[in-house]
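# quick one, what's the 3D model for this:
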Amino acid sequence: MFPFLLPLFYPALCEPIRYSIPEELAKGAVVGNLAKDLGLSVLDVSERKLRVSAEKLLFSVDAESGDLLVKDRIDREQICKERRTCELQLEAVVENPLNIFHIIVVVEDINDHPPQFDKDDINLEISESVNQGMGTILESAKDPDISTNSLSKYQLSPNEYFSLVVKDNPDGGKYPELVLKKTLDRETQSTHHLVLTALDSGDPPRSGTAHIRILVVDANDNPPVFSQDVYRVTLSEDVPPGTSVLKVSATDQDEGFNADITYSFLRVADRTQHPFLLDSATGNIITHQPLDFEEIERYTMDVEAKDRGSLSTQCKVIIEVLDENDNSPEIIITTLSDQIVEDSHPGMVVALFKTRDQDSRENGEVTCDLNSDVPFKIHSSSNNYYKLVTDGPLDREQTPEYNVTITATDKGKPPLSSSATITLHITDVNDNAPVFQQASYVVHVAENNPPGASIAQVSASDPDLGPNGQVSYSIVASDLEPRALSSYVSVSAQSGAVFAQRAFDHEQLRAFELTLQARDQGSPALGANVSLRVLVGDRNDNAPRVLYPALGPDGSALFDTVPRAAQPGYLVTKVVAVDADSGHNAWLSYHVLQASEPGLFSLGLRTGEVRTARALGDRDAARQRLLVAVRDGGQPPLSATATLHLVFADSLHEALPDLSDRPAPSDPQAELQFYLVVALALISVLFLLAVILAIALRLRHSSSPAAGDCFRSVLCSKSPPEIPSNYSEGTLPYAYNLCVAGDQTNPEFNFLTSVGYCQATEDVLNKDSSSVLLASLLTPSVEADKTTFKQAKISRNQI
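This is a model prediction of the structure:
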């Protein structure tokens, strides 16, 4: 059991399996018995499907033996490059159960690469005048192998003129140097052929060779000579690349090859970055890059003239660059005030800036200007330093910020300029009082308003910012009593809404005026006042009040007498009523609700005057009763009723017996019913039942039960002579005389008439204001009452 479980725990118990092989093993070569090293039997190799995996599969597993075999060519130099250690990571995979094992194959280097030179032939030219000990560095060989198989030494073929010195590179490599050990003589031997050999330390060692051909050059004993030691030239900085600057010239007294001269710049690291190019054959110097006077004003260069030998000479070339106006001025803001108080005095510094122009002389002289329509100006403080100061009043509410554009212009030809825009923010001060939207306010509030409701809204604006623009509202004055003001109205300090603290009564308070103040939170605070006039509108909340006819002091009714011979249109009396409301709500109209004789009297719709409509007939009763309704013009209308008792008599003595002794008249309704019963009994024999029923129904529908109330017995007032209630509250300016009986033994009934034929106290009904307008509309209910009463009266007379 343990051997079976051992492979499962092998990765946790052991390190990765390591193999070491040399490179370039043949395909199919055995690396090691992987199955055995994993503790697997030969049968397990196929049953558990032992295999290896890697990014590049260079190995495989033999399914029969379990050996790890080489599957492809293994070149250490290709796989691991120059690394000292070359290890290949593999994973061995088995199934049933699945498990993975790590394998490391170390590829060891073999000496399979000889040292090799880049060139097989090396050509050198050495002057015959070169001194002994001069060294010439030769090209190094390369060997991709490592360790002992790598390049280890160089060898030079035997000769009497040159020796070989091997030196170490800083990177650990080696390079050969050819050293002259004997003076050359071109006339004796003009060419030397040598063989340079590079060897490694492998077993067996491998090597590579290169052939060296040395040409001995004739001695050059005359150096070139320039026509000038120093060349000077001026050049404008705006010349384009490729412009010819000057030409240097040198001569050599030697002939032939030694007289061929080449020109070059000395001490120039990167010729491609140099602003000038030098033609090596002609000595012509041209511009290679744009010139910039602001970077370099003068170029000093050393030019070397060298012949084909080893002799050379030098000269200096000085190029003066002339300035052109090719740089716009720069504006540099050094100090800027972010917040400027709007009440700043003129001359306050808000910004400091300087200008810079890289050009010289007049091209670098700069003047500064501002854009128009800004309350600022520029003061020059010192060389190229400026101050931006205020030059006028500032108003944040009108202009909260300024975009100031500064323009700098040089004096070049043509002049160049540049601009810089700065934003200056104006800080608020409390210099604006709140302003109401209206010069005054007038509001209309209907009476009986709910307490606490908003009745008006005032609003004031303040263009200032922050607390300077925060407005609060208050009441500072009123035509109301100061102590009662708070019980009438209040104002919201934040919103300006005016609230009613109580229900208003138009009859007690028609209008009142408030003075409201809007005040900001600045320091010091500013405020403004406005008047608010509140007009209390009328509602129809008062019913008409009847002043006449009125009851006596003891509650008894008053009577009016009418002459028996009164003609139609005779003024009998007048119903007087007042209404505490105003306008349409106080326009009164008078209507007859009930009458003993509907056609006997007429009632003025607007005046309330009762007049006779016809002469008194023989069948008319001496005592008449009118029920009058007084209605106002409100919506809905309110009303009051008054009862008039009228007696037809030529004198007061004639009317008193009728009032005191006459029994109350029978009920007209009862008499009507009696007559109907008798009529039905008499004609039931004579007429058909259908005719009798039709007549009975007709008479029943045309009758009215209200007529019997007109003849009730009423007592006269027995109180002493006195004037009833003061009627100065009436709505119409009429005057009446009131007579009241003063003696019980001589009974007289009280009456009110417009003719003063008896001596009594006179009371004139006055009113301070103008006559009150009366309502002009009759309601349908009044007309219906009149029509019903009239039909009942006609029916009774017919029967």
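# and the residue nearest to D112 when sequence neighbours are not counted, how many neighbours?
Leaving aside its sequence neighbours, D112 sits nearest to E24 (CB to CB, 6 or more residues apart in numbering; 5.9 Å). C-beta here means a position set from N, CA and C on the backbone, and glycine is covered the same way. Counted with other CB atoms under 10 Å, residues neighbouring E24 total 15.
# now do the one 4 residues further on
Burial of G28 is recorded as 11 neighbouring residues (other CB under 10 Å).
# sec struct for it, please.
State at G28, reduced to three classes by DSSP: H, G, I helix; E, B strand; the rest coil: coil.
# show me what the closest residue to it other than its chain neighbours is bridged to.
Leaving aside its sequence neighbours, G28 sits nearest to L69 (CB to CB, 6+ apart; 5.6 Å). Beta-bridge partners for L69, by DSSP bridges, are V30, S60.
# isn't the residue nearest to D112 up against I74?
Yes - counting by CB atoms under 8 Å, E24 sits close enough to I74 to count as a contact (6.6 Å).
# following the chain onward from the one helix or strand S419 maps to, which element is next?
Using DSSP states H and E, S419 sits in strand 417-427. Sequence order places strand 435-436 as the next helix or strand after strand 417-427, per DSSP H and E.
# show the average pLDDT along that next one.
Averaging pLDDT along strand 435-436 gives 94.
# packing partners of that strand?
Here strand 435-436 touches strand 460-461, strand 527-537, going by 3 or more CB pairs under 8 Å, 6 or more residues apart in numbering; DSSP states H and E.
# what sits up against the shortest one?
Strand 460-461 is touched from outside by 434-437, 471, 473, 496, 518, 528, 530, with contacts defined as CB atoms under 8 Å, 6 or more residues apart in numbering.
# over to stretch 141-160?
Contact with stretch 141-160 is made by 77, 82, 84, 109-118, 162-164, 166, 173-174, 176, 178, 181-182, 192, 194-203, 208, 210, as judged by CB under 8 Å, 6+ apart.
# repeat that for stretch 354-370.
Taking contacts as CB under 8 Å, 6+ apart, the residues outside stretch 354-370 that touch it are 293-294, 323-332, 334, 376-378, 380, 384-386, 404-412.
# I331 is in contact with A351, correct?
No - the criterion here is CB under 8 Å, and A351 misses it with I331 at 10.8 Å.
# ok, which stretches of the stretch 101-250 of the chain are helices?
With helices called from DSSP state H, counting those that start in this stretch, the stretch 101-250 of the chain shows none.
# can you map out the strands along it?
Applying DSSP state E, counting those that start in this stretch to the stretch 101-250 of the chain gives strands spanning 121-127, 135-137, 151-156, 162-168, 174-180, 191-200, 207-217, 225-226, 230-236, 244-247, 250-251.
# tabulate these (a markdown table), appending distance to D37, mean pLDDT and mean neighbour count.
Below are the strands of the stretch 101-250 of the chain laid out as a markdown table (distance: least, CB to CB, whole Å; pLDDT from 0 to 100; neighbours: other CB atoms under 10 Å):
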| stretch | distance to D37 | mean pLDDT | mean neighbour count |
| --- | --- | --- | --- |
| strand 121-127 | 53 | 87 | 15 |
| strand 135-137 | 53 | 85 | 13 |
| strand 151-156 | 37 | 84 | 19 |
| strand 162-168 | 44 | 87 | 14 |
| strand 174-180 | 42 | 87 | 18 |
| strand 191-200 | 35 | 89 | 18 |
| strand 207-217 | 41 | 88 | 19 |
| strand 225-226 | 81 | 92 | 18 |
| strand 230-236 | 81 | 92 | 13 |
| strand 244-247 | 79 | 92 | 16 |
| strand 250-251 | 80 | 92 | 18 |
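# among those, which comes closest to I318?
With CB to CB, the closest approach to I318 among the strands of the stretch 101-250 of the chain belongs to strand 230-236: 4.9 Å.
# using CSV, write out every CA atom in the closest one.
Taking C-alpha atoms only, strand 230-236 is exported to CSV below (Å, rounded to 0.1, in the frame of the first residue of the first chain):
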residue,chain,number,x,y,z
VAL,A,230,41.3,82.7,-38.2
TYR,A,231,38.2,83.0,-40.4
ARG,A,232,35.5,85.5,-39.3
VAL,A,233,32.0,85.9,-40.8
THR,A,234,28.7,87.4,-39.7
LEU,A,235,25.4,85.6,-40.4
SER,A,236,21.8,86.5,-39.8
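# who's in contact with that strand?
Under CB under 8 Å, 6+ apart, the answer for strand 230-236 is 243, 245-246, 248, 287, 291, 315-322, 324.
# again, but for stretch 53-65
Defining contact as CB under 8 Å, 6+ apart, one finds that stretch 53-65 is touched by 31, 33-35, 42, 45-46, 50-52, 67-72, 74, 88-93, 105.
# in that stretch, what counts as buried?
58-62 (16 or more other CB atoms under 10 Å).
# with stretch 513-526 instead?
For stretch 513-526, a neighbour-count test (16+ other CB under 10 Å) marks 514, 516-522, 526 as buried.
# pick the one among those residues closest to F257.
The closest of the buried residues of stretch 513-526 to F257 turns out to be G522 (CB to CB; 99.3 Å).
# the closest one should be in a strand, yeah?
No - checked against three-state DSSP, G522 lies outside a strand; its state is coil.
# need the buried ones from the contacts of strand 230-236 selected in ChimeraX.
Selection of buried members from these for ChimeraX, criterion 16+ other CB under 10 Å:
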select :245,246,248,287,291,315,317,319,321,324
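# farthest pair in the contacts of strand 230-236?
Maximum pairwise distance in the contacts of strand 230-236, criterion CB to CB, is 28.4 Å, between C315 and E324.
# start and end of stretch 550-559, how far apart?
Terminal residues of stretch 550-559 lie 10 Å apart, using CA to CA, to the nearest Å.
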